[in-house]
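Undergrad: Predicted coordinates and the sequence they were generated for:
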Amino acid sequence: HEKKKIKAITMSTDTGVSLPSYEEDQGSKLIRKAKEAPFVPVGIAGFAAIVAYGLYKLKSRGNTKMSIHLIHMRVAAQGFVVGAMTVGMGYSMYREFWAKPKP
């Protein structure tokens with residue numbers, strides 16, 4: 001009777017689902033995730049570029065208050081990230097629902 005129980009346990013654990021490998025290093029994991037969702041790195045890069053540009057223009061802001069300049073920079077960076085997320089979701093929906101071959 002014990003042999004049947006052990007066999008049932010081994011059969012139930014072998015479902016054919018491959019678990020992610022924990023030996024994957026951070027670089028290859030980042031590349032894999034970027035291929036799955038290409039607009040995430042675009043949003044991060046755009047955010048960093050807008051912040052860098054805002055910091056570069058900080059000295060030549062004229063008579064604008066520092067807080068107003070920082071608020072404008074934050075709104076621009078957040079707007080870019082939200083835009084990238086929206087385009088990414090639209091692309092994902094298009095790929096999932098309209099570009100998928102119909103059975």
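TA: Nice, I can see it.

Undergrad: Only the buried residues of the longest helix along the chain, if you could.
TA: Identified as the longest helix of the chain according to DSSP state H is helix 66-93. Buried residues in helix 66-93, counted by 16 or more other C-beta atoms under 10 Å: 69, 73, 76, 77, 80, 81, 84, 88. All C-beta spots, glycine's among them, are computed from the backbone N, C-alpha and C.

Undergrad: Please enumerate the helices of this structure.
TA: 2-13, 26-36, 39-56, 66-93.

Undergrad: Would you mind listing the residues in contact with the residue sitting nearest the centre point of the chain?
TA: In the chain, the residue lying closest to the centroid (C-alpha atoms, centre = their mean) is residue 40, at 3.6 Å. Contact partners of residue 40, counting by C-beta atoms under 8 Å, 6 or more residues apart in numbering, are 33, 34, 84, 88.

Undergrad: From residue 76, how far off is it?
TA: 19 Å (C-beta to C-beta, to the nearest Å).

Undergrad: Could you do residue 35 as well?
TA: 28 Å.

Undergrad: One more: residue 48?
TA: The value you get for residue 48 to residue 76, if C-beta to C-beta is used, is 12 Å.
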